[in-house]
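Trainee: Have a look at this fold, sequence not included:
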């Protein structure tokens, strides 16, 4: 997929920050003048919310004229009510970290590895499933073990520096 080249610094900034609006905006505010920029996603979202709240426009009409769905409008409204303008900033979708590999599960894995011979990944996965009743993806466990190993190496490095 080829990147679109543009000489406009604002559009470049919006694209890099993930705030470039790709939804078609048909509202009159964005057709007249230079102040309202239909490329600015945060501004478009804010003006849509303002139009419903201050001008009593229907949610369906406002959402359609700003290029969003009704469920999207309500999600934006909730985010704005909880976080203010920061709630309108774009976010990455999906889970925000491992939800199965809790501290309790990781401690269990560390104990297993510390007791005897290091077990292979499939054996660890079976142990976790037997103890906690959850199935963890092989790669998730591998990444968690790598993170733990990095922490151990960093701690060892600090101890050796202090002893010198």
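Mentor: Done, it's in. This structure is a prediction, so every number in the text was calculated from the model and none was measured.
Trainee: Give the helix, strand or coil label for the residue most central in space within the chain.
Mentor: Nearest to the mean C-alpha position of the chain, by CA atoms, centre = their mean, lies residue 92 at 2.9 Å. Following DSSP: H, G, I helix; E, B strand; the rest coil, residue 92 is assigned to coil.
Trainee: moving C-terminal of the one helix or strand residue 82 maps to, what's the next helix or strand?
Mentor: Assigning secondary structure by DSSP states H and E places residue 82 in helix 70-83. Counting by DSSP H and E, the next helix or strand C-terminal to helix 70-83 is helix 103-115.
Trainee: and the chain, what are its domains?
Mentor: Taking automatic domain parsing as the reference, the chain has its domains at 9-88, 103-163.
Trainee: can you tell me the distance between the two ends of the first one?
Mentor: Using CA to CA, to the nearest Å, the gap from the first to the last residue of domain 9-88 comes to 22 Å.
Trainee: can you check stretch 10-27 too?
Mentor: Where stretch 10-27 begins and where it ends lie 21 Å apart, using CA to CA.
Trainee: That one: which residues count as buried?
Mentor: 14, 15, 19, 20, 21, 25, 27 (16 or more other CB atoms under 10 Å). Yep, even glycine has a C-beta here, placed from its N, CA and C like the rest.
Trainee: got the phi/psi numbers for the nearest residue to the first one once chain neighbours are set aside?
Mentor: What it means is residue 14. By the measure of CB to CB, 6 or more residues apart in numbering, the closest residue to residue 14 outside its immediate chain neighbours is residue 20, 4.1 Å from it. The phi/psi pair for residue 20 (degrees, to the nearest 10) reads phi -80, psi 120.
Trainee: Which residues are in contact with residue 20?
Mentor: Counting by CB atoms under 8 Å, 6 or more residues apart in numbering, residue 20 touches 11, 14, 39, 41.
Trainee: Run through the bridge partners of it.
Mentor: For residue 20, the beta-bridge partners are residue 40 (DSSP bridges).
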